[in-house]
Each structure stands twice: as structure tokens, then as C-alpha cells.
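>>> next come a sequence and a model predicted from it.
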Amino acid sequence: MLSKDLDSLTPSRDFNRRGFMQTAVGSGFAAAVLPVTAQTIKTDTAGLTAGEVTIPVGDFKMPAYRAAPAGKTGLPVILVVSEIFGVHEHIADVARRFAKLGYLAIAPELFVRQGDAKSYTEIARLMSEVIAKTPDEQVMRDLDATVAWAQGQGGDTAKLGITGFCWGGRITWLYTAHNPAVKAGVAWYGRLVGNSTPLTPTHPIEVAGKLHGPVLGLYGGADTGIPVDTVDKMKTALSQGSAAAKKSEFVVYPDTPHAFHADYRPSYRKEAAEDGWKRAVAWFKANGVA
């Protein structure tokens, strides 16, 4: 059963090492995206066990947001990987949407060692001071720990899926190549190519052939940061890889910008977001995550 001890955790209001006020995981919106738009979707917690938990990663206690049907065990597991803004209200809402469908959904706060992503008002500083200093190796380890935690909480990790947005979309590709237990992934407009650095040595196109589960890529045709030609290159790499790689698919929405699923931002495109969500849910069901 989901741990009652974890339900009793109180929101963190401590200052982190950079002097920023940390708020509860999954509450409020990141400072860099304020003000949010009127179309922001709010999913309630009726029938759910939802809120902040902590996940052990060695001696470190990583905060995360968890949502699941109340009192249920043996649930399929979805990892929800955030954008650069961390686990704010939108990511928590996505977790609740999956929980309403019968999943144990967990969104770990993967930037917490580097800083409080929600507190930054300037995206450039957030990128340079937090995101650029978050190693892929650390992220993979944290996600492995999240899977282990889910199993200990009654989740059925034989039915494991992962989805992520923007930065989390890239991580979705990488983790599906990293962990043999992943049955399927859904990557929302995650970067596919890039320069190798000590902290980000490989990118999705370089591990495309090693996927353990098929990935559905949902991308915008007018995304200025992810040219459509990189999607074409990824398709070629996938066609030369594992059975799961070859089963992977892309949907590119014409005239659609980056972050089209982010209903709290002006980039939101309702039709594409709703179609993408339906495809994501169907993808997980069709590939053993249900």
C-alpha cells in the first residue's frame, strides 16, 4: 500500500543552499512562467492519494510529487519528468491526470541538488546555474531510485512508462535507452541532438538504436528550438536500431510551437495538446503500461 507515513509529510519551506525559498513540490507555478494564463487546467485530488513524498537516493532524500488512486496497489507506474521549471503545479497536475486513469504517477524533483528551479525569474540564469549543472548520470540514477521506490509502494514496475516535457522529453528518450524495465515512453518536444559535454555526454539520436521500449515523440512543426530536420534524422536512427526503436513513432503538429501542451502558458495549443494526450494514453496501453 502507499505509505501513510509519506502522506503525513509537511511541505518544505526551508531555504536552500542558494538562499531561495523552497516551496512544496507540486505547489504553485515557477516564477519564470508567471503570470499563468486563464486556460490553466486544474485536476482535483478526489479519489486520489496525492502530494509530496521523499525518495531515498543513497543518503540523499529527493523530493517528488506522487499521485495514485487511493487505497489501490499493483498499479502501473508512470514517471513524469518536468520541464526546466521543475515540479511545479502543471507537472503535478499531469501526474494527477494519470492517477485518475489508474496509474501510480511520480514526478521527481531532479534539479534539487543544483538549486530551486521554481524560484528563478530569469530563464537564462536558470539554465546556466541549475539546468546546465545537472548531470545526465545523476538524473538516470535518480529515476532508477524512483522506480525502486514505486515498487516498494505497491507499484507494478513490470508495467513501467515514462513521459516528459521539453527537458524532460529529452530525458524520456535517454531513460528508455538506459533502463531495460521501461515498456514505453512518450516524449513531448524533447531535444534530439546537441553538443556533448562532460555532464551531457550523449543525446537521444546517439542512443536511438538502444531503446528498450518504443517511444512516441510529440513535436511541433513550428518549434524554433527543435528543427523538423532533427526529427527526420531521429527517424532514420530509429529505423536502424532495436525492435523497440523501430516501433517508435513521431507525430509532428503543423504550425505548432514548442510547449504546446503547457496549458498555463501562451504557447498552449488546445487541439494539439488534447490530441497528444489521447495518443499518449493509447500508446502506454498498447505497449504494456496499463
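In hand now; what should we look at? Residues are numbered from 1 along each chain as shown.
>>> quick one, strands of this protein?
Residue ranges of the strands in the chain, as given by DSSP state E, are 48-57, 60-69, 75-81, 104-108, 155-165, 182-188, 215-220, 249-253.
>>> can I get these in CSV including mean neighbour count and distance to Thr121?
For glycine as for every other residue, the C-beta is placed from the backbone atoms N, C-alpha and C. Written out in CSV, the entries for those read as follows (neighbours: other C-beta atoms under 10 Å; distance: least, C-beta to C-beta, whole Å):
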stretch, mean neighbour count, distance to Thr121
strand 48-57, 20, 23
strand 60-69, 22, 21
strand 75-81, 27, 23
strand 104-108, 28, 22
strand 155-165, 24, 20
strand 182-188, 29, 24
strand 215-220, 26, 25
strand 249-253, 16, 30
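>>> export those as CSV, with columns for mean pLDDT and distance to Ala286.
Compiled in CSV, these are given as follows (pLDDT from 0 to 100; distance: least, C-beta to C-beta, whole Å):
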stretch, mean pLDDT, distance to Ala286
strand 48-57, 97, 25
strand 60-69, 98, 21
strand 75-81, 98, 13
strand 104-108, 98, 18
strand 155-165, 98, 11
strand 182-188, 98, 8
strand 215-220, 98, 10
strand 249-253, 98, 11
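>>> export the ones you listed to CSV and tack on distance to Gly194?
CSV is the format used below for the strands of the chain (distance: least, C-beta to C-beta, whole Å):
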stretch, distance to Gly194
strand 48-57, 25
strand 60-69, 25
strand 75-81, 17
strand 104-108, 22
strand 155-165, 16
strand 182-188, 14
strand 215-220, 16
strand 249-253, 18
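>>> where does the protein have low pLDDT?
Counting by pLDDT under 70, the chain contains low-confidence ranges at 1-23.
>>> centre-most residue in it?
Centroid-nearest residue in the chain: Val81, 1.5 Å away (criterion: C-alpha atoms, centre = their mean).
>>> okay but it is in contact with Ala105, surely?
No: contact between Val81 and Ala105 fails when scored by C-beta atoms under 8 Å: they sit 11.2 Å apart.
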